[in-house]
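Enquirer: With the sequence up front, the predicted model follows.
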Amino acid sequence: MSLRYYIFLKDVLVLALTAFGGPQAHIAIMFKLLVEKRRYLSEQELIELNALCSILPGPTSTQTITAIGYKIGGPNLAYITLLIWILPAATIMAIAAVAITYLQEQGISLAFLRYLQPMAVGFVAYAGYMISSKVVHTKTAVILMVVSAILAYFFSSPWVFPVLLLAGGAVTALRFKQHPLEKDKKLKIEWANFILFVAVLVVAALLGAYTSSLPVRLFENFYRNGTLVFGGGQVLIPLLYSEFVDFKHYLTGEEFLSGYAIVQALPGPTFSFCSFVGNLAMRRYGIAGQFLGSFVATVGIFLPGTFLIFFVIRFWDELKKYRVVRASLEGISAVSSGMVVAAAILLYHPVPNTPLNFGIVVATFSLLMFTKIPAPILILTGLLLGFLL
C-alpha cells in the first residue's frame with residue numbers, strides 16, 4: 001500500500017474518532033479535512049457523492065466515506081475505510097450497552113447525559129448552514145431547499161426522503177441543455193453487488209421466518225431496516241423504536257433513549273446505535289451473547305448500504321457525464337440541504353424546551369461557526385457539565 005493510502009486511512013481514523021453530530025455534521029467535517037486540508041477530492045465531487053448516497057438506502061456518511069476510499073484506491077482501500085470508520089463507535093456502543101445493563105442493576109442515574117442532545121442539535125444546525133451555503137446558488141435551489149425542509153418536517157415517513165430527492169433532481173434535470181455535452185460515454189454496469197444485495201435480503205428473510213435463533217432473526221431485522229432507511233440515522237431511530245421497543249419489547253423506552261443520548265455523544269456513524277440495540281436484545285444470553293448481538297446488528301444494518309454503494313460507485317463517473325444526471329444533481333443537493341434543516345428542527349422536539357437548552361443549541365452553533373474549538377472538546381465539556389451540575 002502506498003504512503004498516500006496510509007495517510008488517508010489515518011485521516012479516516014481521525015474522522016471516526018472526532019466526527020460528531022450525525023451524517024449532516026460529518027459532511028461539514030469531511031469538507032474541512034478531506035477537501036480543504038488534504039484535497040483528496042474537490043468540493044463539487046464531495047457534494048455530488050453525498051447527494052448520490054442520500055438517494056440510496058443506508059447510512060449516508062458511511063457510504064460517502066467508503067465511496068471516497070474507492071475513488072482514491074479502489075475496492076480494497078474502500079473495504080478498509082469502511083471497517084476503520086465503523087469499528088470505534090460500534091465497539092463503544094456495545095460496551096455502553098453492557099455498562100447500562102450494569103448501571104441499571106446498581107440503580108445509578110443516567111442524567112449526566114442531559115446536555116448532549118441540545119448540543120447535537122447545534123451540530124446539525126451548523127451542518128445545515130454549511131451545506132446550504134455550498135450547494136444553494138440559484139432561485140430554483142432556494143425554493144427546493146425551503147419546500148423540501150417543510151415537507152421533510154411535516155412528513156417524516158422513510159419513503160418521503162427518496163421521493164423528495166428524486167423530485168428535486170427531476171426539477172433541475174429539465175434544464176439539462178444548460179450543461180455542455182460530453183463525449184465518450186460508455187456506461188458499463190457490473191451487477192454482482194446488486195445481486196448480492198437482493199440475495200442476502202431474500203435468504204435472511206427466509207431464515208428469519210423459519211428459524212427460532214434470535215441472532216439470525218436479529219440479523220434479518222437489521223438488514224431489512226438497512227434496506228428501508230433513506231436520509232441517515234435520524235430516520236432510522238423511529239423505525240427501531242417501533243420494532244424493538246413497542247412491538248418486540250427487547251428493550252425499554254428509557255434504555256432506548258439512554259442509548260440514543262450516548263450515540264449523540266459519540267463520533268462516527270449514527271447507525272452504530274444498532275450495536276447497542278442488538279446487544280440489549282441478547283442480554284439474557286450473558287455478556288458473550290450481548291457482544292454477538294452487537295456484531296449481527298452492526299453487520300446487518302451496514303451491509304445493504306455497502307452492497308449498494310459498491311454497485312453504483314463503479315459506474316458513477318461515467319453516469320455523471322450524461323447532461324440530465326449532471327443537471328439533476330443541483331436539485332438533489334438542494335433538497336438534501338433542506339432535509340438537514342428539517343432534521344435540526346425535528347431533533348430539537350424531544351429536548352425539553354427550556355431557555356438553558358435553547359441557549360446550548362445557539363452556543364454550540366456559534367462556537368462551531370466563529371471559533372476553531374474541536375468538536376470533541378465541546379462534547380467533553382457538555383459531559384463534564386452534566387457530571388458537575
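Expert: Yes, it's here.

Enquirer: Can I get stretch 16-29 in CSV, CA atoms only?
Expert: What follows is stretch 16-29, C-alpha atoms only, in CSV (Å, rounded to 0.1, in the frame of the first residue of the first chain):
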residue,chain,number,x,y,z
ALA,A,16,-14.1,8.1,13.2
LEU,A,17,-12.8,9.4,16.5
THR,A,18,-13.8,13.1,16.0
ALA,A,19,-16.7,13.4,13.6
PHE,A,20,-19.7,14.2,15.9
GLY,A,21,-23.3,15.2,15.2
GLY,A,22,-24.7,12.7,12.7
PRO,A,23,-24.4,12.4,8.9
GLN,A,24,-25.1,16.1,8.2
ALA,A,25,-22.4,17.3,10.6
HIS,A,26,-20.0,14.6,9.3
ILE,A,27,-20.1,16.1,5.8
ALA,A,28,-19.2,19.5,7.2
ILE,A,29,-16.2,17.9,8.9
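
Enquirer: Just list the residues touching residue 190, thanks.
Expert: By C-beta atoms under 8 Å, 6 or more residues apart in numbering, residue 190 lies in contact with 311, 314-315. Backbone N, C-alpha and C define where each C-beta goes, glycine included.

Enquirer: Show me what whichever strand or helix holds residue 379 is packed up against.
Expert: Assigned by DSSP states H and E, residue 379 belongs to helix 375-388. Applying 3 or more C-beta pairs under 8 Å, 6 or more residues apart in numbering; DSSP states H and E, one finds that helix 375-388 makes contact with helix 3-18, helix 116-135, helix 253-265, helix 355-370.

Enquirer: between those, which gets nearest to residue 224?
Expert: helix 253-265 (18.6 Å; C-beta to C-beta).

Enquirer: thought residue 268 was touching residue 16?
Expert: Yes: using C-beta atoms under 8 Å, residue 268 makes contact with residue 16 at a distance of 4.9 Å.

Enquirer: okay, and the common contacts of those two?
Expert: 85-86, 88-89.

Enquirer: Quick one: mark the members of these that sit in helices.
Expert: 85-86, 88-89 (DSSP state H).

Enquirer: tell me which of those residues is nearest to residue 106?
Expert: residue 89 (25.2 Å).

Enquirer: which non-adjacent residue is nearest the closest one?
Expert: Closest residue to residue 89 apart from its sequence neighbours, by C-beta to C-beta, 6 or more residues apart in numbering: residue 268 at 3.2 Å.

Enquirer: Look up how far residue 337 lies from the one you found.
Expert: Distance from residue 268 to residue 337, counting by C-beta to C-beta, to the nearest Å: 22 Å.

Enquirer: Which of the two has more residues huddled nearby?
Expert: residue 337 (29 against 26; other C-beta atoms under 10 Å).

Enquirer: Now do the contacts for the more buried one.
Expert: Shown in contact with residue 337 (C-beta under 8 Å, 6+ apart): 128, 131-132, 135-136, 145.

Enquirer: could you say which helix or strand contains it?
Expert: Counting by DSSP H and E, residue 337 is part of helix 323-348.

Enquirer: Just the angle for that helix relative to helix 253-265, thanks.
Expert: Helix 323-348 and helix 253-265 meet at an angle of 120 degrees, taking axes from the mean of the first three to the mean of the last three C-alpha atoms, to 10 degrees as the criterion.

Enquirer: Counting neighbours, which bits of helix 323-348 end up buried?
Expert: 323, 325-344, 346-348 (16 or more other C-beta atoms under 10 Å).

Enquirer: picking that back up, could you single out the most deeply buried of the helices and strands packed on helix 375-388?
Expert: helix 116-135 (a mean of 24; mean count of other C-beta atoms under 10 Å).

Enquirer: Name the nearest residue to residue 77, ignoring sequence neighbours.
Expert: Nearest non-adjacent residue to residue 77 (C-beta to C-beta, 6+ apart): residue 69, at 4.8 Å.

Enquirer: How many residues are close by that neighbour?
Expert: Count around residue 69 with other C-beta under 10 Å applied: 26.

Enquirer: That one is in contact with residue 81, isn't it?
Expert: Yes: because the distance of 3.2 Å satisfies C-beta under 8 Å, residue 69 is recorded as touching residue 81.
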